[in-house]
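S.K.: using only what follows, build the 3D model:
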Amino acid sequence: MTGQPEGPNEFEPLAYAGRWIARVGERIVGQGGTPQQARQAALAARFKEHLEIVYVPTSHPFSFSTRLEKVRANLPPDFPIYLVGGAVRDALLGRPTHDLDFVMPSGALHIGRRVADALGGAYFPLDEERQTARVVLTAPGGQRELLDFAVYRGPDLESDLRGRDFTINAIAVDVYQQDALLDPLGGAGDLRSRSLRACSPASLSDDPVRILRAIRLAASLDLHIQPETLRLMRETVPRLPSVTIERLRDELIRTLNGPQPKTAMRALEMLGVLPAILPEMPALKGVVQSTPHIHDVWMHTLDVLQKLESVLEVLAPQYDPDVSANLMMGLLSLRLGRFRDQINTHLQYPFTPDRPGRALLFLAAVYHDVAKPQTRQVDAQGRIRFFEHDQIGARMIIERARALHLSNPEISRLETVVRHHLRPILLSQAGGLPSRRAIYRFFRDTQEAGVDICLLSLADVLGTYGPTLPQETWSHHLEVVRSLLKAWWEHPQSSVSPVALIDGNDLMRELGLKPGPKIGQLLEEIREAQVNGEVQNRDEALAAALKWLGQVDRNPD
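M.R.: Numbering: from 1, shown residues only. Okay, the predicted model is just below:
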């Protein structure tokens, strides 16, 4: 990272791009990730001449959020403050970022409140004792931007950076000199070489949740975890129970909501992390299934995660046509591409600011077959069955979601998706397209979760058959899903939520009925008759109710 350069002493910009150098004239006599490192490297070589410390810029300028300029404009003059962590990393990668982390020698709470007042944001003191504050800004489109302000964890900036998790997150820039990196641990070089390396031997043991973060970063940024860091991660796994479940949950949700969830989940399993956060998962390994399944339950679950990611990529508003280059994905794009915008809006629904619907869909995919180990049976013909695994699995996901301290709406969504995840597949296997009554009943039982169930069913079919999936089977399933989504988004009043022709008071007054469950049953019968085209006005609704009552009276059982 530091030291006297080898080879020619002539200044070669490309050799030192992104580094600080100490030079005497045109001679390079030291280099490092910070001005101090460059100076120390030069002094170690006993150069007594006057040293010039300069930064060698990279070929591409860094691009930060426009919020950074607004923050800087509202700081006290000459106040030392640095942008650190993910925002700097993402700038090096050319990726957009909306969350900014700042560190400074002192006064973080005061600076946070000052910026919040100036920018019209909400101010939250996260930890007054440790001088940590958060400012929440809301963009015109509703997207949140987080600005965190903290004092150094240590005597100076370099100590703060060395105490962070991984070198790629231990890079800073002075807000007044945004084109010069402060990189004492060589994180920029690790980023270029696609390496994930812990800042210190204590990085993982200081905060075991960093095990999950390492896997998330490796998956989302396509990084290779260095062997020493991997060893530290394994050694720290037994300490995971000491971490609050909320922090583990949040890191897990970010992982599932990011790129390559299959790779991440497999890494969590191989490291032995799952018992601490998703303890039902290890039992899925080795649970054999009959054809058309090509994998055991665990590998099928992983494959469904991968297929779900591919399905959502093809159906994204801005999608890469290369993703749908194969026949099956091409058919998916052709049949369901019309719903791209609606699907994107649905998946972005914020159950909480940090947990959109998309993240819950992937968690439901992890648990959709969770009850198969305990429901596995082999019939007389040798075929393996998993009777009621969807119903039992729904109860299991409720328990796990509560243990993860998810909200009641999130628990309800997960339970509904797991309980009904087979229904589009069963409708497809029935032959033909689902009737209007079947479509109505599907969304009556699932509501908004029906969209998630449709998307999960696509991944489930792809994961079940793999390369053996017949084109006609896939094509028909796409038509079934299209008929469901078309009803939900394009014909809701005629297929999903018909306009009420009559209410319970009308039924009691006109038919002389008393309050009770029979009223609800009658209204449900009328709604089904409406979507089936059998009832179109109030008189026909009353007639249908009378007819149903007559049938009940003749057949009380």
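S.K.: please count neighbours and contacts with C-alpha atoms only from this point.
M.R.: Fine.
S.K.: hey, where'd the strands end up in the stretch 151-300 of the chain?
M.R.: Applying DSSP state E, counting those that start in this stretch to the stretch 151-300 of the chain gives strands spanning 172-174, 177-182, 195-196, 224-225.
S.K.: for stretch 167-184, which outside residues touch it?
M.R.: The contact list for stretch 167-184 (Cα atoms under 8 Å, 6 or more residues apart in numbering) reads 1, 18-19, 32-35, 37, 55-57, 61-62, 68, 72, 80-86, 88-89, 158, 161-162, 164, 185-188, 190-191, 196-199.
S.K.: make CSV from the strands of the stretch 151-300 of the chain and add distance to Met328 and mean pLDDT to it.
M.R.: Below are the strands of the stretch 151-300 of the chain laid out as CSV (distance: least, Cα to Cα, whole Å; pLDDT from 0 to 100):
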stretch, distance to Met328, mean pLDDT
strand 172-174, 45, 96
strand 177-182, 46, 92
strand 195-196, 35, 98
strand 224-225, 31, 98
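S.K.: among those, which is the most enclosed?
M.R.: Stretch with highest mean neighbour count among the strands of the stretch 151-300 of the chain: strand 195-196 (a mean of 24; mean count of other Cα atoms under 10 Å).
S.K.: how is this structure carved up into domains?
M.R.: 13-55, 60-193, 198-277, 278-495, 504-554 (automatic domain parsing).
S.K.: isn't Val418 right next to Gly393, touching?
M.R.: Yes. At 6.5 Å, Val418 counts as touching Gly393 under the criterion of Cα atoms under 8 Å.
S.K.: which one's more surrounded, these two?
M.R.: Neighbours per residue, other Cα atoms under 10 Å: of Val418 and Gly393, the larger number sits with Val418, 32 against 22.
S.K.: doesn't the more buried one belong to a helix?
M.R.: Yes. Counting by DSSP: H, G, I helix; E, B strand; the rest coil, Val418 is located in a helix.
S.K.: can you pull the contacts of it?
M.R.: Ala364, Ala365, Tyr367, His368, Asp369, Asp390, Gln391, Gly393, Ala394, Ile397 are the contacts of Val418 under Cα under 8 Å, 6+ apart.
S.K.: what's the farthest-apart pair in these?
M.R.: Greatest spacing in these, by Cα to Cα: Ala365 and Gln391 (14.8 Å).
S.K.: in terms of neighbours, single out the busier of those two.
M.R.: Ala365 (27 against 16).
S.K.: that one contacts Leu455, doesn't it?
M.R.: No. Counting by Cα under 8 Å, Ala365 sits too far from Leu455 to count as a contact (10.0 Å).
S.K.: excluding residues flanking it in the chain, which one is nearest Phe362?
M.R.: Leaving out its chain neighbours, the residue that sits closest to Phe362 by Cα to Cα, 6 or more residues apart in numbering is Leu256, at 6.1 Å.
S.K.: any idea how far Val304 is from Asp390?
M.R.: As judged by Cα to Cα, to the nearest Å, Val304 and Asp390 stand 16 Å apart.
S.K.: give me the pLDDT for Phe47.
M.R.: On pLDDT, Phe47 comes in at 65.
S.K.: no, scratch that, I was asking about Ala325
M.R.: Listed pLDDT for Ala325 reads 69.
S.K.: quick one on the thing from earlier: which one of the strands of the stretch 151-300 of the chain lies closest to Trp489?
M.R.: strand 224-225 (42.7 Å).
S.K.: packing partners of that closest one?
M.R.: Other helices and strands packing on strand 224-225, by 3 or more Cα pairs under 8 Å, 6 or more residues apart in numbering; DSSP states H and E, are strand 195-196, helix 210-221.
S.K.: between those, which one is nearest to Leu278?
M.R.: Distance to Leu278, taken as Cα to Cα, is lowest for helix 210-221 among the helices and strands packed on strand 224-225, at 12.7 Å.
S.K.: which secondary structure elements does the lengthiest helix in the chain contact?
M.R.: Of all segments of type helix in the chain, defined using DSSP state H, the longest is helix 471-490. Helix 471-490 sits against helix 327-336, helix 423-429, helix 436-446, helix 449-465, with contacts defined as 3+ Cα pairs under 8 Å, 6+ apart.
S.K.: out of these, which one sits most buried?
M.R.: Greatest average neighbour count among the helices and strands packed on helix 471-490 goes to helix 449-465 (a mean of 23), per mean count of other Cα under 10 Å.
S.K.: look up the closest residue to Arg383, ignoring the ones flanking it.
M.R.: In space, and not counting its chain neighbours, Arg383 is closest to Ser290: 6.2 Å by Cα to Cα, 6+ apart.
S.K.: again with Thr255
M.R.: In this structure, Thr255 finds its nearest non-sequential neighbour in Arg216, 5.1 Å apart by Cα to Cα, 6+ apart.
S.K.: how far does stretch 156-175 stretch from start to finish?
M.R.: Terminal-residue distance, stretch 156-175 (Cα to Cα): 16 Å.
S.K.: distance from the chain centre to it, please.
M.R.: Taking Cα atoms, centre = their mean, to the nearest Å, one finds stretch 156-175 lying 26 Å from the centre of the chain it belongs to.
S.K.: now do stretch 518-538
M.R.: Here the centre of stretch 518-538 is set off from its chain's centre by 41 Å, with Cα atoms, centre = their mean.
S.K.: pull out the buried residues from that stretch.
M.R.: Ile519, Leu522, Leu523, Ile526, Arg527, Glu528, Ala529, Gln530, Val531, Asn532, Val535 (16 or more other Cα atoms under 10 Å).
S.K.: which of the residues you listed lies closest to Leu433?
M.R.: Using Cα to Cα, the buried residues of stretch 518-538 come closest to Leu433 at Asn532, 14.4 Å.
S.K.: ok, the closest one - contacts?
M.R.: Contacts for Asn532 were tallied using Cα under 8 Å, 6+ apart; they are Arg436, Arg437.
S.K.: next, it: phi, psi?
M.R.: Main-chain torsions, Asn532, degrees, to the nearest 10: phi -90, psi 0.
S.K.: and it, how far from Leu522?
M.R.: From Asn532 across to Leu522, the span is 15 Å (Cα to Cα).
S.K.: what of Leu185?
M.R.: Leu185 sits 71 Å away from Leu522, going by Cα to Cα.
S.K.: what about Ser193, how many neighbours?
M.R.: 11.
S.K.: and the pLDDT at it?
M.R.: pLDDT for Ser193: 95.
S.K.: got the phi and psi for it?
M.R.: Ser193 has phi and psi values of phi -90, psi 10 when expressed as degrees, to the nearest 10.
S.K.: thinking again about what came up before, got any residues that touch both of Val418 and Gly393?
M.R.: Joint contacts of Val418 and Gly393 (Cα under 8 Å, 6+ apart) are Tyr367, His368, Asp369.
S.K.: wait, a helix at the last one?
M.R.: No. Under three-state DSSP, Asp369 falls outside any helix and is assigned coil.
S.K.: count the residues that sit near Ile253.
M.R.: 20.
S.K.: measure it to Asp183 for me?
M.R.: Remark: distance between Ile253 and Asp183 (Cα to Cα) = 30 Å.
S.K.: next one: Pro201
M.R.: Using Cα to Cα, one gets 18 Å for the distance from Pro201 to Asp183.
S.K.: tell me the buried residues in the helix or strand hosting Ile398?
M.R.: Secondary-structure assignment from DSSP states H and E places Ile398 in helix 389-403. With burial defined by 16+ other Cα under 10 Å, the residues of helix 389-403 counted as buried are His389, Asp390, Gln391, Ile392, Gly393, Ala394, Met396, Ile397, Ile398, Arg400, Ala401.
S.K.: same check, this time on stretch 111-126
M.R.: 111-116, 119, 121-126.
S.K.: pull up the distance across that stretch, start to finish.
M.R.: Taking Cα to Cα, stretch 111-126 runs 14 Å from one end to the other.
S.K.: what's in contact with it?
M.R.: Stretch 111-126 is contacted from outside by 70-71, 74-75, 109, 131-138, 148-149, using Cα under 8 Å, 6+ apart.
S.K.: and those residues, which is the shakiest by pLDDT?
M.R.: Ranking the contacts of stretch 111-126 by pLDDT, Thr138 lands last with 85.
S.K.: fine by me, thanks again.
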